[in-house]
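In: Provide a 3D model corresponding to the input given below.
(one chain, ligands or ions: 1)
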Amino acid sequence: MIDPAFEAAVAAARKSLREGGIPIGAALARNGQVVASGHNERVQRGDPIAHGEMSALRAAGRQKSYRDTVLYSTLAPCAMCTGTILQFKIPRVVVGEARTFPGEFELLRSRGVEVVVLDDERCIDMMRSFQRDHAELWAEDIAD
Ligand SMILES: [Zn+2]
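Out: Numbers count the residues shown, from 1 in each chain. Model (predicted):
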């Protein structure tokens, strides 16, 4: 079954890669509909805070509540994005993969967030290639 919000996140990640950026995309959905999507913009905007999840949430603009939303990301959310998910009380996170970056699942789950990992081959391949070909840029993004 194709999930349009997850596909929007993957498309955003691919767009970022084409632009010379970091290939991580995200989307916010409500009732199965995409509210907004975004991708990492560290390279494109010189913005270190603009992770995929942050860009998607920024693109979604003001929301009265996030309790009926789902955040999608091609990669497991880092500590910063996890903090934002908790702050906005987003109840469910769907992740493309967590093989190339473990993220903060323990923290999310400890605070009652449902985390679903799709283990999507496209996401794994995209990040493995990127981490191999742009090791320095990847290290910069996760502050390694
Ligand atoms: Zn992040």
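
In: switch to C-alpha atoms for all contacts and neighbour counts from now on
Out: Fine.

In: max-length helix in the chain?
Out: helix 4-18 (DSSP state H).

In: so which bits of it are buried?
Out: Within helix 4-18, the residues that count as buried by 16 or more other C-alpha atoms under 10 Å are 5-17.

In: so which elements touch it?
Out: Applying 3 or more C-alpha pairs under 8 Å, 6 or more residues apart in numbering; DSSP states H and E, one finds that helix 4-18 contacts strand 25-30, strand 33-39, strand 69-75.

In: list the contacts of it.
Out: For helix 4-18, the external contacting residues (C-alpha atoms under 8 Å, 6 or more residues apart in numbering) are 22-29, 32-34, 37-41, 52, 72-74, 94, 96, 123.

In: which helices and strands sit right next to the least confident helix or strand in the chain by mean pLDDT?
Out: In the chain, no helix or strand scores lower on mean pLDDT, DSSP states H and E than helix 135-141, which sits at a mean of 95. Contacts defined by 3+ C-alpha pairs under 8 Å, 6+ apart place helix 135-141 against no helix or strand at all.

In: how close does residue 69 sit to the ion?
Out: From residue 69 over to the ion the distance is 18 Å, taken as C-alpha to the ion, to the nearest Å.

In: residue 31 is in contact with that residue, correct?
Out: Yes. At 7.4 Å, residue 69 and residue 31 qualify as touching, with contact defined as C-alpha atoms under 8 Å.

In: more neighbours: the two, which one.
Out: Between residue 69 and residue 31, counted using other C-alpha atoms under 10 Å, the more crowded position is residue 69 (21 against 9).

In: not counting sequence-adjacent ones, nearest residue to the residue nearest the centre of the chain?
Out: Nearest to the centroid of the C-alpha atoms of the chain, with distances taken as C-alpha atoms, centre = their mean, sits residue 73, at 3.0 Å. Closest residue to residue 73 apart from its sequence neighbours, by C-alpha to C-alpha, 6 or more residues apart in numbering: residue 26 at 4.1 Å.

In: ok, now which ones touch that neighbour?
Out: For residue 26, the contact set (C-alpha under 8 Å, 6+ apart) comprises 6, 8-10, 12-13, 37-39, 52-53, 55-56, 71-74.
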